[in-house]
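J.: I would like to see how this sequence folds:
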Amino acid sequence: MELNFAVLVNGFVCKNANMVSADDFLFRGLDNPRNANNMLGSVVTPVNVMQLAGLNTLGISMARIDFAPYGLNPPHTHPRATEILVVLEGSLYVGFITTGNQLFYKTLEKGDVFVFPKALVHFQQNVGKGNAVALAALSSQNPGTQQIARSLFGATGPVDPSVLAKAFDIDSNLVKLLQAKFAASG
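T.: Sure, this is the predicted structure:
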């Protein structure tokens, strides 16, 4: 008698080996530029276990990041991964902040590589007049991403304005304005 139930590994379905095909290990189109015409001027195309089932249990993933001129991939963290970034086109100002609040930064050109240690706040900004493209590799099949501003000011709840006003030493009306802006941008 054959039992029909899903086996989960790391929270994702692990297929029966007899049902696996080459398509489970294929993602197409990472070479296609994405439209970065948005508020931040950047767009990330992830290739993690959510898009590519064959990554389950392998501990790796990647992403393409397209930047409009002066576009920003805002301060964020990957709680489960270290990131290594290579610039394919353009110039990027990149950096991360240590837990001791020290900023490490560089301006990268085509072919340059920079590492962002696991879970540290980091960012990338296009400093050129043309588009920029980077490719990131991450040390997790599901690295997670938490944008700092969106998390604080766009949280579903929301965070009590008095908490953020005190934390940032700003007026609570400004906090409410920022919360409204992040709520409106989805």
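J.: any idea whether the nearest residue to G154 once chain neighbours are set aside is helix, strand or coil?
T.: Setting aside the residues directly before and after it, G154 is nearest to F182 in space (CB to CB, 6 or more residues apart in numbering), at 3.3 Å. No exception for glycine: its C-beta is placed from N, CA and C like everyone else's. What DSSP: H, G, I helix; E, B strand; the rest coil gives for F182 is helix.
J.: what's the burial count for F182?
T.: 18 (other CB atoms under 10 Å).
J.: okay, it and A17: tell me how far apart.
T.: 45 Å (CB to CB, to the nearest Å).
J.: show the contacting residues for the residue positioned nearest the centre of the chain.
T.: Centroid-nearest residue in the chain: T145, 4.7 Å away (criterion: CA atoms, centre = their mean). Going by CB atoms under 8 Å, 6 or more residues apart in numbering, T145 touches V44, H76, T77, H78.
J.: ramachandran angles for it?
T.: phi -140, psi 130 (degrees, to the nearest 10).
J.: from S151, how far out is it?
T.: From T145 to S151 the distance is 10 Å (CB to CB).
J.: kindly report the same for V159.
T.: 9 Å.
J.: who's in contact with the closest residue to A53 other than its chain neighbours?
T.: Nearest residue to A53 in three dimensions, chain neighbours excluded: D24, at 4.9 Å (CB to CB, 6+ apart). The neighbourhood of D24, defined by CB under 8 Å, 6+ apart, consists of K15, L52, A53, G54.
J.: what residue ranges in the protein score low on pLDDT?
T.: Within the chain, the segments meeting pLDDT under 70 span 1-10, 13, 186.
J.: recalculate using a threshold of 50.
T.: 1 (pLDDT under 50).
J.: and the residue nearest to G154, what does it touch?
T.: F182 touches A149, R150, F153, G154, counting by CB under 8 Å, 6+ apart.
J.: tabulate those residues (JSON lines), appending distance to Q141 and neighbour count.
T.: As requested, the contacts of F182 are exported to JSON lines (distance: CB to CB, whole Å; neighbours: other CB atoms under 10 Å):
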{"residue": "A149", "distance to Q141": "27", "neighbour count": "13"}
{"residue": "R150", "distance to Q141": "23", "neighbour count": "16"}
{"residue": "F153", "distance to Q141": "30", "neighbour count": "22"}
{"residue": "G154", "distance to Q141": "26", "neighbour count": "20"}
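J.: which one of V159 and S151 is surrounded by more residues?
T.: Neighbour count, other CB under 10 Å: between V159 and S151, V159 has more, with 16 against 13.
J.: number of residues surrounding the residue lying closest to that one once chain neighbours are set aside?
T.: In space, and not counting its chain neighbours, V159 is closest to L152: 6.5 Å by CB to CB, 6+ apart. Residues near L152, counting by other CB under 10 Å, number 18.
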